[in-house]
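In: Have a look; sequence and predicted model below, questions after that.
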Amino acid sequence: MLLVADVQNDKRREMTGQEKALFGIDKLNVKRSSIPAVTHVDYSARIQTLHADTNPKYHALTTSSVFARLREEKNTMTTFPIVNSVN
């Protein structure tokens, strides 16, 4: 089952008038949030989960040294990096 949730308002980025006037792939490539790699055009995002019982090593890594691990998807329609910053 695919679960999605709205991206929080404080993470969203409002499109400018010039960006709204774009068409097709140009409009699709407009950055819509501070986490563009997971933000869909309707400001939703697929929920990603990780459990210690199913993947203990990865869970330990993410809970000890990494604040967020964004799942990279192969999407040739965007050029955004998977993360904007390590901070």
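Out: Looks like it arrived, so ask away.

In: Tell me which stretches of this protein form helices.
Out: 17-20, 25-28, 56-64 (DSSP state H).

In: Go through those and find the least confident stretch.
Out: Mean pLDDT is lowest for helix 56-64 among these, at a mean of 75.

In: still on that earlier bit, now render the helices of the chain as TSV, adding distance to Asp42 and mean neighbour count.
Out: C-beta: built from backbone N, CA, C; applies to glycine. Formatted as TSV, the helices of the chain follow (distance: least, CB to CB, whole Å; neighbours: other CB atoms under 10 Å):
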stretch	distance to Asp42	mean neighbour count
helix 17-20	14	10
helix 25-28	12	11
helix 56-64	27	11
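
In: Just put the ones you listed in a markdown table and tack on distance to Ile35.
Out: Output for the helices of the chain, formatted as a markdown table (distance: least, CB to CB, whole Å):
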| stretch | distance to Ile35 |
| --- | --- |
| helix 17-20 | 18 |
| helix 25-28 | 16 |
| helix 56-64 | 16 |
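
In: Next up, phi/psi of the most centrally placed residue in the chain, please.
Out: Nearest to the mean C-alpha position of the chain, counting by CA atoms, centre = their mean, stands Val38 at 1.8 Å. Per-residue torsions, Val38: phi -120, psi 0 (degrees, to the nearest 10).

In: if I look at it, how far off is Lys57?
Out: 23 Å (CB to CB, to the nearest Å).

In: Any regions of the protein where pLDDT drops low?
Out: 1, 63-87 (pLDDT under 70).

In: so where do the strands sit in the protein?
Out: For the chain, strands defined by DSSP state E occupy the ranges 4-6, 44-46.

In: which one of those strands is the most hemmed in?
Out: Most buried of those, by mean neighbour count (mean count of other CB atoms under 10 Å): strand 44-46, with a mean of 15.

In: quick one: contacts of that strand?
Out: 2-7, 35, 38-40 (CB atoms under 8 Å, 6 or more residues apart in numbering).

In: What residue in the chain is the furthest from its centre?
Out: Asp53 (24.9 Å).

In: quick one, what contacts it?
Out: So Asp53 contacts nothing (CB under 8 Å, 6+ apart).
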